[in-house]
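> Requesting a structural model of the entry that follows:
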Amino acid sequence: MIPEESFASIENKMQSVGLALEELLVTAQKQGCLTVGIYESAKLLNVDPDSVVLCVLAADDENDVALQIHFTLLQSFCCDSGITILRVSGFQRLQRLLGAVDANRNQEEHRDLHCMLVTNPQAEHCRLQEVGTYCQESRRLDQWVPELVLQER
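The predicted structure is shown next:
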């Protein structure tokens, strides 16, 4: 049985990493270092995989077979290329978070947040290291593709 303090510690760590990821994605979007969309991400991975430092796969519906096939292909490519992968749920939080940054974009562009690639952010963002460390620790615990739940606020 796991002590109650360990659950609190794990929950605090997940919340901290969630905040780090949110800050990283917003900063990357502002810097023009965020590629959004499954198709757009696949194109970038095909052309310049070395520029990608993080792949975020977001979905709340695990029953979407087509989306899961896309995820499997993207995960495979990222693993082969040494790109850190993180699966997140909390899709509505992502929509609000990234939609609020650039109000000039049309609604269509905000629909496909299922895959996001962070490319070399200017001045290695400190939050990238926190997210990367979480992913490494998760892999050490046999969670090949780390998962994170973004909390509504």
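
> in stretch 64-72, what counts as buried?
By 16 or more other C-beta atoms under 10 Å, the buried positions in stretch 64-72 come out as 67, 70-71. C-beta here means a position set from N, CA and C on the backbone, and glycine is covered the same way.

> and if you look at stretch 44-53?
Buried residues in stretch 44-53 (16+ other C-beta under 10 Å): 44-45, 52-53.

> which residues touch the most centrally placed residue in the chain?
Nearest residue to the geometric centre of the chain (C-alpha atoms, centre = their mean): Val56, 2.4 Å. Going by C-beta atoms under 8 Å, 6 or more residues apart in numbering, Val56 touches 21, 25, 85-88, 115-118.

> The helix or strand bottoming out on mean pLDDT in the chain: what's the following helix or strand?
Of all the helices and strands that make up the chain, helix 107-111 has the lowest average by mean pLDDT, DSSP states H and E, namely a mean of 49. Downstream of helix 107-111, the next assigned helix or strand under DSSP states H and E is strand 115-119.

> Counting by contacts, list what that next one packs against.
helix 4-31, strand 34-36, helix 38-47, strand 52-58, helix 65-81 (3 or more C-beta pairs under 8 Å, 6 or more residues apart in numbering; DSSP states H and E).

> That's all I had, so thanks and see you.
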